[in-house]
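Novice: turn this into a structure:
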Amino acid sequence: MTSSDKNNTIHELTDEQLKQIVAEADTGGRKPTGLAAQLLVAVALAWSLFQLWIASPLPFSLGVFVLNDTESRAIHLAFAVFLAFAAYPAWKRSPRAYVPVIDWLLAIAAAFCAGYLFLFYKELAARPGMPTTLDLVVAVTGLALLLEAARRALGLPMVILAIVFLGYIFLGPYMPEVIAHRGASLAKGMSHIWLTTEGVFGVALSVSASFIFLFVLFGALLETAGAGNYFIKSAIALLGHMRGGPAKAAVVASASTGLISGSSIANVVTTGTFTIPLMKSVGYRADQAASVEVASSVNGQIMPPVMGAAAFLMVEYVGIPYVEVMKHALVPALISYIALFYIVHLEALKMKLQGLPRREPLPWQKTMISTVMTVSGMVILSAIIYWGFGWIKDVAGDSAFVIVGLLMLAAYVAIVRFAARYPELHMDKPDEKMEYLPEIAPTLKSGLHFLLPVAALVWNLMVEQLSPALSAFWATMFLMFILVTQRPLFAYFRGQGQYAQASRQGFKDLFDGLVTGARNMIGIGIATATAGVIVGTVTLTGVGLAMTELVEILSGGNLMVMLVLVAVISLILGMGLPTTANYIVVSTLMAPVIVELGAQSGLLVPLIAVHLFVFYFGLMADVTPPVGLASYAAAGIAKSDPIKTGFTAFGYSARTAILPFMFIFNTQLLLIGITDAFHLILTIGSATLASLMFAAATQGFFLTRNRIHETLILLLVTFSLFRPGFWMDMIHPPFEKLAATELTRVVEAAPANTKLRVWVEGTTLEGKDVTKGVLLSLGEPGKASERLGRMGLTVMSLGDQVQVAAVRFGSPAEKLGLEQGFTFKHIEVPNPGSPDKEWMFIPALLLLALVWFMQRARRDREEGLTNA
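Specialist: Here you go, the predicted structure:
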């Protein structure tokens, strides 16, 4: 046996093994039979129905089983830990075919401890901060069982991190001086972590219970309906004929499934089982094929609307509406995917690869249109709904919801009737060679009705502006209706008969989707609860301030070094953590570091930019060897080395790593400060081109293989397009200083939604002297007191000084670190004489043209020699 054969034997995984990897990571590896299986399914179904109930208007309308937020969190976690012990085996050798008695006992005990806040809510509310012996026993037992559930569902990294932080609570006096604190008693520590809403039952678990579950359920139901297969087949049909077509289709298919999936591993297995063999068939190396799938699937976690559930957490942590989070996150996600699309194109050019053949050639005009439509599908759909049908809301008011609902219902029946003319899509077997690509028109038309629930979700969020939970609820109800009725309707319109059988299958699909959605949530529920231990430690001990001081010492006050340090720490903290827990941990520890140290160095950026920065670098850990499970799964499909696959995937993901640095310094990439449509097009166009040139530089190939000086020029072009202000600020200062006494006038004169740059100084409650800048979001026009009041800020003038008189608890002003008694030093406003920074695009484009002409001439010479 050769070395290559040996490696293939070691790393090849069967379909069953791949499903087991996904199950072990996402839904639990056990498949019991008999009564145990029925109980497991019943609990999962009950969890989904419970979440739909509390998200619906019914409890308040009927006055039945109305729960407050704390009670909902407790029941949510009780379901999660019960299913974790029942579905996840304790060890690799533990039985998979049945649930041991000890695990049933642990599941019941864990559910009781988690539900303790619900069962004894009134008693606990009557004695806050004074735990009884029973309270402490439940807290200690519950925490121990939660950590064991986390070990089973999430692996050791999450548990070790939580234990380290728990140890820090009680061993504070024995820590190094820079991070030392007074420590806490067992009663104080356990009460804070388990019996209040500051720790395990904090904001993260609240978001999991109210928002995340519904979106994960929505994705599971959509997958059960057949949307995942539809997205994959559509991408292959549209793009498979291009150079390296299957790789480009893998990128788009993973982006599409990433919209509805909260798991990069499931994304890899779902799309990769089909796309990786196709990539290999057109000439990609095994590790390249696997790496493209890994990079595409992990990128699904940065794609709105779900973002691996981080989007909903950002709503709470940043304090902005969900639609705003989606808006800010959209452009970087699209740019990242477009750059990955270009990377696989460059790889195909290097190796002179071709695509898969069509039965009939497609004209280049249709090829271009299909590519743009495929890559920008979600954006186009959102634009059509918002601008094409948004007027209905203006005309009909509150009745628009009913009108659009009836239109959606009519459209659904009409689309199914239209789709019934075409054959039903079936997932091809991955080991079967594809001789010709699927026909475009029949493939696209056969599943258009899958877009309707997504359209309903977009309508609720963007036009009706409902809460994320209520938006997901109504979209999920519509999707449940589709699941039950699509098979009978197709049977009717195709004249197949057997309506009873089709209806039974529809209800079975709904049942399976509800159960799968709940089981997909086990890991996320456990992750948000366990991450609450870290959050509780930060709020109890103030370790966040210690982290700030530590990074300040290590960086020596240098802004760029500080950002690199935070990025590296986020990478390390993110290793082995699922997306949701990853974001909670890195945002809790690292986001305040950037805000505080950046403000002291003159880096004033909106909080959303900071949170996206740490989120992106935390996610990069998903592909970093040796931890990345997504790389292992993809390597198993591709029959390649997992470590080599991980490093190749990390190289492909480098374009994602540069984006956070760019949008920290150029927040227009997050659509902040965009003034008009031309400005929007210019920003998106320049950022996309910059990302493509970075890909060309790092891949060493543009029109032909790069020379060193060409790579350096491309990197300079990338930097100039991403951050033109760097050069323009050298020529002309962008801001002018005004005295603090001008605050009232400037605030009242500022346009709507202005972010005002102000510098403050003072002494914090901890006794530390600070001087820093902050961005005040002024919102709608009005009097200065009103606009600042919406920020939670009250100011007063004392002669030539302006001081902070009060800061409202939990307000945006408090999140910015403002405290009572701080003094305003000065205000910075845009310099009216400063030229637009976009003028720097011209020299950057001239440099790019120079590289293009040099490489074109060299490529023509090389091709001439080859032909000769």
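Novice: residues in contact with A518?
Specialist: Neighbouring residues of A518 by CB atoms under 8 Å, 6 or more residues apart in numbering: 43-45, 47-48, 79, 83, 217. Where you see a C-beta, it was placed from the backbone N, CA and C, and this is true even at glycine.
Novice: report the buried members of those.
Specialist: When the contacts of A518 are checked for burial by 16 or more other CB atoms under 10 Å, the buried set is 43-44, 47-48, 79, 83, 217.
Novice: rewinding a little: in helices, which of the contacts of A518 fall?
Specialist: Within the contacts of A518, residues falling in helices by DSSP state H are 43-45, 47-48, 79, 83, 217.
Novice: any chance of those residues in JSON lines, plus pLDDT and distance to A180?
Specialist: Below are those laid out as JSON lines (pLDDT from 0 to 100; distance: CB to CB, whole Å):
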{"residue": "V43", "pLDDT": "96", "distance to A180": "45"}
{"residue": "A44", "pLDDT": "95", "distance to A180": "45"}
{"residue": "L45", "pLDDT": "96", "distance to A180": "50"}
{"residue": "W47", "pLDDT": "97", "distance to A180": "43"}
{"residue": "S48", "pLDDT": "96", "distance to A180": "46"}
{"residue": "F79", "pLDDT": "97", "distance to A180": "39"}
{"residue": "L83", "pLDDT": "95", "distance to A180": "40"}
{"residue": "L217", "pLDDT": "89", "distance to A180": "45"}
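Novice: could I get those as a markdown table with distance to A638?
Specialist: What follows is the ones in helices among the contacts of A518, written out as a markdown table (distance: CB to CB, whole Å):
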| residue | distance to A638 |
| --- | --- |
| V43 | 37 |
| A44 | 32 |
| L45 | 36 |
| W47 | 35 |
| S48 | 35 |
| F79 | 37 |
| L83 | 32 |
| L217 | 31 |
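Novice: hang on, the earlier thing: and the buried ones among the contacts of A518 as JSON lines, adding distance to R745?
Specialist: Shown next, in JSON lines, are those (distance: CB to CB, whole Å):
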{"residue": "V43", "distance to R745": "62"}
{"residue": "A44", "distance to R745": "60"}
{"residue": "W47", "distance to R745": "56"}
{"residue": "S48", "distance to R745": "55"}
{"residue": "F79", "distance to R745": "55"}
{"residue": "L83", "distance to R745": "59"}
{"residue": "L217", "distance to R745": "51"}
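Novice: what residue, apart from its backbone neighbours, is nearest A295 spatially?
Specialist: Take A295 and drop its neighbours on the chain: the residue closest to it by CB to CB, 6 or more residues apart in numbering is Y652, 4.1 Å away.
Novice: hmm, back to that, just give me the closest of the contacts of A518 to I526.
Specialist: Using CB to CB, L83 comes nearest to I526 of these, at 9.3 Å.
Novice: what about the nearest residue to that closest one once chain neighbours are set aside, how many neighbours?
Specialist: Of all residues not flanking L83 in the chain, I522 sits nearest, at 4.9 Å (CB to CB, 6+ apart). The tally of other residues near I522 (other CB atoms under 10 Å) stands at 27.
Novice: what of the one 5 residues further on?
Specialist: Other residues within reach of A527 by the criterion other CB under 10 Å amount to 28.
Novice: got a pLDDT number for it?
Specialist: A527 is assigned a predicted lDDT (pLDDT) of 86.
Novice: isn't it up against T580?
Specialist: Yes: assessed by CB atoms under 8 Å, A527 is found in contact with T580 at 4.9 Å.
Novice: using the three-state scheme, assign Y436.
Specialist: Secondary structure, DSSP: H, G, I helix; E, B strand; the rest coil: Y436 is coil.
Novice: what residues are up against it?
Specialist: By CB under 8 Å, 6+ apart, the residues touching Y436 are 356-359.
Novice: return the member of those residues nearest to V404.
Specialist: Closest approach to V404 among the contacts of Y436 (CB to CB): R358, at 38.1 Å.
Novice: count of residues packed around the closest one?
Specialist: Count around R358 with other CB under 10 Å applied: 15.
Novice: report pLDDT for I674.
Specialist: 82.
Novice: quick check: A74 is in a helix.
Specialist: Yes: counting by three-state DSSP, A74 is part of a helix.
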